[in-house]
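Novice: Fold the following, please.
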Amino acid sequence: SGRKDKITEIAIFIHDGKKIVKEYQTLINPECNIPYNITQLTGINNEMVENAPRFYEVAKDIVEITAECIFVAHNVTFDYGFVKAEFQQLGFSYQRETLCTVKLSRKYLPGHRSYSLGNLCNDLNIGINGRHRAGGDALATCELFDILLEKNGGELFLPENRIFSKKNLHPSMDTEKILSLPDECGVYYFYNQRHDLIYIGKSKNIKKRVLQHINNIKSSRAMKMVSEITDIDFVLTGSELIALLKESHEIKQEKPLYNRAQRRSVYHYGAFLKGDASGYLNIDIRKIEDEDPITSFTSMEEAKASIERLCKKYELCQKLCGLYKHEGPCFQYQIRECKGACMGEEFPFSYNARVEEMLHAIQYSAPNMIIFDKGRNANEKAIVWIEKGKYCGYGYFPEEDAVGSAYHLKEYIDSYSDNREVQQIINSYLNKNKRIKTHKFK
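Specialist: Numbering: from 1, shown residues only. Coordinates of the predicted model:
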């Protein structure tokens, strides 16, 4: 993983489309112990790299030798990700256009049982002098690239992150700005010629998503938006959850023209909690006006269906939950599914305990919780803060501060308001990412 592991060796071959014209190779001192299994795989041990340069000492050479070059590798995301991560730890954004020889091989050399570099080179009689060493693998990739170029009639391939049609763009849009967008997670912003903000979006890969906007024009509205873009900006978040929360908040705050559907709340009906004269907690389903509901819905039908399911699950009284409007006991009492709160036969504290249990289920998984996620670089973590059942906001903290009580991390939080959409974003993200770290506190 480029986020937590380090480079031990780098080899670069500059290819002009016909032949290798320059090369650069060096071991790298990773400034950490090399695991035994990596030594077994590569042959590189701690003694070999002890006097080798550290990455920061060769970073300038790498930038200069690869200037105006396309980054080609077998499974390019892996190699490019490691190099980018090393630069990121130095506070530098390393950006190059990319080509993947795995993808090109599948297209131009079909029918192979495996497209790993070793197996493909065996099939094509490409010798690898030093498998799993930077120089051996990179030189073999050069030979594979020569074969792919020949299959393509000697024509150079268009980089993967340059494929877009200029005809859809506004004449003032600088295409180099599109090409320099990061392949990282964050929020992006489209501006028109008057520098009005016309669209906000989020993506795990900003460049890829912006290219999709430009290329996948499936409606006149989408085409019109792309034709108006004259500038693009972005903010890296590291965490996809924070990108989702930031996007939601800023769309409602800025109200961009082409986020019209997202900037309006679609939750018009809510469930409201209130106590009655007998001490029972009641639920009232009605249209949302000024008061904040405990949960909200797009329609009255959805609200009633959802509350009915919760009544059944938590054995609540339908009359006290606003679903049964007639005099006397509710229908569920008559068929012995209600414990008699509507008739005063169940103690309020017993009934209310199940109402509280239901409230926790429909809101956050814990009333007091810190969610930890990826930071914007390898030296920080992102956090989302929930306290007393309310979303408080998000922030970033340096990893060295992750000691002692987690509660002190609250000082890094920027405050944001809670709402139904935020609840759904957070709960949905946690459900999809079961391994994400959370800390619950009292």
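Novice: drop to CA atoms for contacts and neighbour counts, all remaining ones
Specialist: Will do.
Novice: list the contacts for residue 45?
Specialist: Contacts for residue 45 (C-alpha atoms under 8 Å, 6 or more residues apart in numbering) come out as 34, 39.
Novice: please renumber so the chain begins at 30
Specialist: I'll keep to 30 as the first residue from here, and by that count the last item is residue 74.
Novice: Per-residue pLDDT of it, please?
Specialist: Note on residue 74: pLDDT of 89.
Novice: where exactly do the strands run in the stretch 180-329 of the chain?
Specialist: Counting by DSSP state E, counting those that start in this stretch, the stretch 180-329 of the chain has these strands, from start to end: 215-220, 226-232, 260-265, 298-304, 310-316, 324-326.
Novice: Of all these, which one is nearest residue 443?
Specialist: Taking C-alpha to C-alpha, strand 260-265 is the member of the strands of the stretch 180-329 of the chain nearest to residue 443, at 15.6 Å.
Novice: could I get the strands of the stretch 180-329 of the chain as JSON lines with distance to residue 157?
Specialist: Listed next are the strands of the stretch 180-329 of the chain as JSON lines, based on distance: least, C-alpha to C-alpha, whole Å:
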{"stretch": "strand 215-220", "distance to residue 157": "39"}
{"stretch": "strand 226-232", "distance to residue 157": "38"}
{"stretch": "strand 260-265", "distance to residue 157": "39"}
{"stretch": "strand 298-304", "distance to residue 157": "66"}
{"stretch": "strand 310-316", "distance to residue 157": "70"}
{"stretch": "strand 324-326", "distance to residue 157": "61"}
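Novice: could those strands go into CSV alongside mean pLDDT, distance to residue 142 and mean neighbour count?
Specialist: Formatted as CSV, the strands of the stretch 180-329 of the chain follow (pLDDT from 0 to 100; distance: least, C-alpha to C-alpha, whole Å; neighbours: other C-alpha atoms under 10 Å):
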stretch, mean pLDDT, distance to residue 142, mean neighbour count
strand 215-220, 97, 38, 22
strand 226-232, 96, 34, 21
strand 260-265, 96, 39, 18
strand 298-304, 88, 56, 19
strand 310-316, 92, 60, 19
strand 324-326, 78, 51, 22
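Novice: So which of those strands is nearest residue 119?
Specialist: strand 260-265 (16.3 Å).
Novice: Please enumerate residues in contact with that closest one?
Specialist: With C-alpha under 8 Å, 6+ apart, strand 260-265 has contacts from 202-203, 206-207, 213-222, 224, 405.
Novice: Identify the farthest-apart pair in these.
Specialist: Going by C-alpha to C-alpha, the pair spanning the contacts of strand 260-265 furthest: 222 and 405, at 30.3 Å.
Novice: okay, those two: which has more neighbours?
Specialist: A count of neighbours by other C-alpha atoms under 10 Å puts residue 405 above the other of residue 222 and residue 405, at 19 against 13.
Novice: So what would you say the end-to-end distance of stretch 436-444 is?
Specialist: One end of stretch 436-444 sits 15 Å from the other (C-alpha to C-alpha, to the nearest Å).
Novice: ok, and what's touching it?
Specialist: Residues from elsewhere that reach stretch 436-444 (C-alpha under 8 Å, 6+ apart): 412-414, 421-426, 430-431.
Novice: now do stretch 371-391
Specialist: Contact with stretch 371-391 is made by 307-310, 323-324, 339, 343-346, 348-349, 357-359, 368-370, 395-396, 418, as judged by C-alpha under 8 Å, 6+ apart.
Novice: where does the stretch 80-229 of the chain dip in pLDDT?
Specialist: Applying pLDDT under 70 to the stretch 80-229 of the chain flags residues 190-192.
Novice: Helices of the stretch 180-329 of the chain, start to end?
Specialist: 204-208, 235-244, 249-257, 269-283, 289-292, 329-343 (DSSP state H, counting those that start in this stretch).
Novice: among these, which gets the worst mean confidence?
Specialist: Least confident of the helices of the stretch 180-329 of the chain, judged by mean pLDDT, is helix 289-292 with a mean of 65.
Novice: quick one, helices of the stretch 330-471 of the chain?
Specialist: Secondary structure of the stretch 330-471 of the chain (DSSP H, counting those that start in this stretch): helices at 360-363, 377-391, 449-461.
Novice: Out of these, the one nearest residue 298 is which?
Specialist: helix 449-461 (11.0 Å).
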